[in-house]
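J.: Need coordinates for the following:
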Amino acid sequence: GVWRVRAFYGSPNNLALYLDRSLAVTLALALFSKTRRARLLWGLSVIPQGVALLLTFSKGALLFGLPAMLVTLWWGGLTLANRRGQWRSALWWMVGAALLALLALTPFLGTERFQRLLDLRQGTGFVRLQLWQSAWQMALDHPWLGVGPDNFLYAFRSHYILPAAWQEPNLNHPHNWLLDWWTRLGLPGLVLALVFFGFAFNGLWQGLRKSAQPALNVGLCAAIVAALAHGLIDASYALPDLMLVWVLLAFLTPNVTPEPELDQLR
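T.: Below is the predicted model:
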């Protein structure tokens, strides 16, 4: 019931998965950069990305990724405000941006895409449930080693596809990052994923105290949370461009020169 933008990607959902990450960082820099000029320039960059994300009409982005991103940005902004006495006004700007996004979506709530949002008897919601059941059974049958990297498609359509999902036999991932890691690499792989994401987030969050670019730290944390939230119902990792972005999110070091501690200044 809606036209969806997809840019150079094969699917609007793929574009949304990328914009989850880029918008989170850009929005954080627009809200929490130290100079007015930087906030203005980054704010101008937020507009096309935000509009593009809304026009993907991706359910994963709009219902999971975007709310998770905004909550993380609010939390990070509040942390910065409490520690440095700044950026409290930016938190209210973020509330305004969220309300504006909701207002922009209001005319489309009556379309078929949103009216069937909770319909689990047909459409994408039904297919997702069937797929998750198949992936869960696959994980239980191969708990320790999985079926191997990039073998989900062959195992799914050969042995695990449910009769009710016969229309979608060529799905190459379970549309859930937890099931994706488990079915590909077994429980050790899933533990590795949790450690990887946990260390990445914790390192960036702990860096808020000493980072010379705290806005970037907040944005990277928000990008991780948004990507994982969206990835609960889509592919948030096993795509070439997204893998490269994950590496940047985890290992980009924004600490150029640590700011002196208050005790040292005294």
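
J.: Please report how far the nearest residue to residue 174 once chain neighbours are set aside lies from residue 142.
T.: Once flanking residues are discounted, residue 174 sits nearest to residue 135: 3.5 Å by C-beta to C-beta, 6 or more residues apart in numbering. All C-beta spots, glycine's among them, are computed from the backbone N, C-alpha and C. Distance of residue 135 to residue 142, given as C-beta to C-beta, to the nearest Å: 11 Å.

J.: Which one's more surrounded, those two?
T.: residue 135 (24 against 19; other C-beta atoms under 10 Å).

J.: ok, that one - contacts?
T.: Counting by C-beta atoms under 8 Å, 6 or more residues apart in numbering, residue 135 touches 152, 156, 160, 174, 176, 179, 183.

J.: Buried among those residues? Need that as a selection in ChimeraX.
T.: Selecting only the buried entries of these in ChimeraX, with 16 or more other C-beta atoms under 10 Å as the criterion:
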select :152,156,160,174,176,179,183
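
J.: and the strand or helix carrying the residue nearest to residue 174, how far from the chain's centre?
T.: Using DSSP states H and E, residue 135 sits within helix 123-141. The chain centroid and the centroid of helix 123-141 are separated by 21 Å, computed with C-alpha atoms, centre = their mean, to the nearest Å.

J.: again with stretch 109-119
T.: The answer for stretch 109-119 is 22 Å, by C-alpha atoms, centre = their mean.

J.: quick check: mean pLDDT across that stretch?
T.: For stretch 109-119, mean pLDDT rounds to 77.

J.: What of stretch 243-259?
T.: Taken as a whole, stretch 243-259 has a mean pLDDT of 69.

J.: do stretch 161-175 as well
T.: So the average pLDDT for stretch 161-175 ends up being 91.

J.: distance between the ends of that stretch?
T.: 14 Å (C-alpha to C-alpha, to the nearest Å).

J.: With stretch 113-129 instead?
T.: 18 Å.

J.: What separation is there between the residue most central in space within the chain and residue 207?
T.: Centroid check for the chain by C-alpha atoms, centre = their mean gives residue 227 as the closest residue, at 1.6 Å. With the distance defined as C-beta to C-beta, residue 227 ends up 19 Å from residue 207.

J.: now do residue 1
T.: For residue 1, the distance to residue 207 - C-beta to C-beta - is 44 Å.

J.: With neighbour numbers in mind, choose between these two.
T.: Taking neighbours as other C-beta under 10 Å, residue 1 and residue 207 compare with residue 207 leading, 21 against 11.

J.: Give the buried residues for the helix or strand residue 75 falls within.
T.: Using DSSP H and E, residue 75 maps to helix 66-84. Buried residues in helix 66-84, counted by 16+ other C-beta under 10 Å: 66, 68-70, 72-77, 79-81.
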